[in-house]
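**Student:** Kindly generate the corresponding structure for this input.
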Amino acid sequence: MAARASNPWRLCVAPMMEWTDRHCRWLHRLLTRHTRLYTEMVTTGALLHGDIARHLAFEALEHPLALQLGGNDALELAVCARLGEAWGYDEINLNCGCPSPRVQRGAFGACLMEHPRQVADCVRAMRDAVRIPVTVKHRIGLDRIEDYGFVRDFVGTVAEAGCEVFIVHARNAWLDGLSPAENRTVPPLRYDVVHRLKRDFPHLVIVLNGGLTTDAHITEQLRHVDGVMVGREAYHNPWWLASWDERYFGVAGPAGSRDDVEARMVEYMERVGPALPGGWYAIARHMLGLRHGQPGARRWRQIWSDHRLKALPPREVARRARAALLGRACVAVE
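**Tutor:** Residues are numbered from 1 along each chain as shown. Just a heads-up that it's a prediction; the model follows:
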């Protein structure tokens, strides 16, 4: 089944811990207005016992935007979902795919796939609490057991609770023996499992995640599923996103040139940076891939990532980075 441009989940950027914060999402919105964005995973404990504004604040430009929650208690998730809706998010997504040891100790993430009825209870509680969509992101299996029936029954049980959108990372989660980074590369990709889910559940929205790095990959997968979610390639090569609105949604994108995007990011750093513990430097790290593939990109990246320049105004750093990109000598750091 080919995806339609009107499908809200046609193209998404994955939730990535330590990466897809609000500053990263601001950059992505300068490049694409229609791609669906996701927060980093926010645990229920962080919202119930921490600084809500720090975890949930975002800017209007970031819509459409989903809040990804991590947790396993239906009542706590319902409270946090209600908070997400009140803060203006467009979707609540439950993480059932993270395999990290810390998440396993909290008994949520990928290990929840072993308890589909518990996940269904969580989904049902969140759906009762909010009017926005409640979705689930999960793997195709656990450890080295490649049993299609396992993921089929998981989806079927959770769908009975009213979940209509499943974002499927097309790898197993190996809960022992692999680091989180290895879990993104070592378990083999099995796109055919996700395609089969779409055939078996044609009434559900099935979004494929995992290993997508080119337009050819995206186009091929959209022949089989309703949408795709791109992860690390979107972060490391953000300029790729500048073509997505026209290519996948049939409308012009917002980005004129890389220079324009960099200038907008400098304006954002000047506005937001003074209130951040790391200043503008905490924002600049997200755009280090903006010049990916351009001559001089390495020199440009070195300027923006030079901690010795943190005390300078962003416009001055941008001037030096531009000079480095063009191969001109820069003023030495004092």
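**Student:** Kindly indicate whether P8 is helix, strand or coil.
**Tutor:** coil (DSSP: H, G, I helix; E, B strand; the rest coil).
**Student:** and if you look at H138?
**Tutor:** strand.
**Student:** Distance-wise, check it relative to A181.
**Tutor:** 19 Å (CB to CB, to the nearest Å). In this view, the C-beta of every residue, glycine as well, is placed from N, C-alpha and C.
**Student:** Among these two, which residue is more densely surrounded?
**Tutor:** H138 (26 against 9; other CB atoms under 10 Å).
**Student:** Looking at the closest residue to that one other than its chain neighbours now. What's its pLDDT?
**Tutor:** In space, and not counting its chain neighbours, H138 is closest to C96: 4.0 Å by CB to CB, 6 or more residues apart in numbering. Listed pLDDT for C96 reads 97.
**Student:** residue contacts, C96?
**Tutor:** F108, G109, A110, L112, M113, V119, V136, K137, H138, R139 (CB atoms under 8 Å, 6 or more residues apart in numbering).
**Student:** Tell me the most packed of the residues you listed, by neighbour count.
**Tutor:** Going by other CB under 10 Å, G109 tops the contacts of C96 with 29 neighbours.
**Student:** Which pLDDT does the model give it?
**Tutor:** G109 is given a pLDDT of 88.
**Student:** same check, this time on the one 5 residues further on
**Tutor:** According to the model's per-residue confidence, E114 sits at a pLDDT of 95.
**Student:** quick one: contacts for it?
**Tutor:** Contacts of E114 (CB under 8 Å, 6+ apart): L142.
**Student:** where does it fall, phi/psi-wise?
**Tutor:** Reported as degrees, to the nearest 10, the phi and psi values for E114 are phi -70, psi -10.
**Student:** any idea how far it is from N209?
**Tutor:** E114 is 20 Å from N209, by CB to CB.
**Student:** How about H292?
**Tutor:** 21 Å.
**Student:** Comparing those two, which shows the higher neighbour count?
**Tutor:** A side-by-side neighbour count of H292 and N209, using other CB under 10 Å, places N209 first with 23 against 14.
**Student:** Could you measure from that one over to V230?
**Tutor:** For N209 relative to V230 (CB to CB), the value is 8 Å.
**Student:** tell me, what's touching these two both at once?
**Tutor:** A14.
**Student:** quick revisit: reformat the contacts of C96 as a markdown table; add distance to S100.
**Tutor:** Converted to a markdown table, these look like this (distance: CB to CB, whole Å):
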| residue | distance to S100 |
| --- | --- |
| F108 | 11 |
| G109 | 7 |
| A110 | 9 |
| L112 | 13 |
| M113 | 15 |
| V119 | 18 |
| V136 | 18 |
| K137 | 14 |
| H138 | 15 |
| R139 | 13 |
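**Student:** got the domain boundaries for this structure?
**Tutor:** Split into domains by automatic domain parsing, the chain comes to 11-249, 258-325.
**Student:** Could you single out the most deeply buried of these?
**Tutor:** domain 11-249 (a mean of 19; mean count of other CB atoms under 10 Å).
**Student:** Can you give me the end-to-end span of that one?
**Tutor:** Terminal residues of domain 11-249 are spaced 9 Å apart (CA to CA, to the nearest Å).
**Student:** how far is it from where the chain is centred?
**Tutor:** 8 Å (CA atoms, centre = their mean, to the nearest Å).
**Student:** One more: stretch 238-250?
**Tutor:** 16 Å.
**Student:** distance between the ends of it?
**Tutor:** For stretch 238-250, the end-to-end distance is 19 Å (CA to CA).
**Student:** Name the residues that touch that stretch?
**Tutor:** 5, 10-11, 13, 27-28, 31-35, 215, 218, 233-234, 251-255, 258, 261, 286-287, 289-292.
**Student:** Next up, the contacts around the residue lying closest to Y268 once chain neighbours are set aside.
**Tutor:** Counting by CB to CB, 6+ apart, Y268 lies nearest to W26, which is 5.8 Å off, once chain neighbours are set aside. W26 is in contact with E59, L61, E62, M265, Y268, counting by CB under 8 Å, 6+ apart.
**Student:** wait, the first one sits on R22?
**Tutor:** Okay, so that is E59. Yes. Assessed by CB atoms under 8 Å, E59 is found in contact with R22 at 6.9 Å.
**Student:** that older thread, just the closest of the contacts of W26 to S305, please.
**Tutor:** When the contacts of W26 are ranked by distance to S305 (CB to CB), M265 comes first, at 14.0 Å.
**Student:** So that closest one belongs to a helix, correct?
**Tutor:** Yes. Secondary structure assignment places M265 in a helix (three-state DSSP).
**Student:** I283 is in contact with that one, correct?
**Tutor:** Yes. Between M265 and I283 there is a contact at 7.2 Å, judged by CB under 8 Å.
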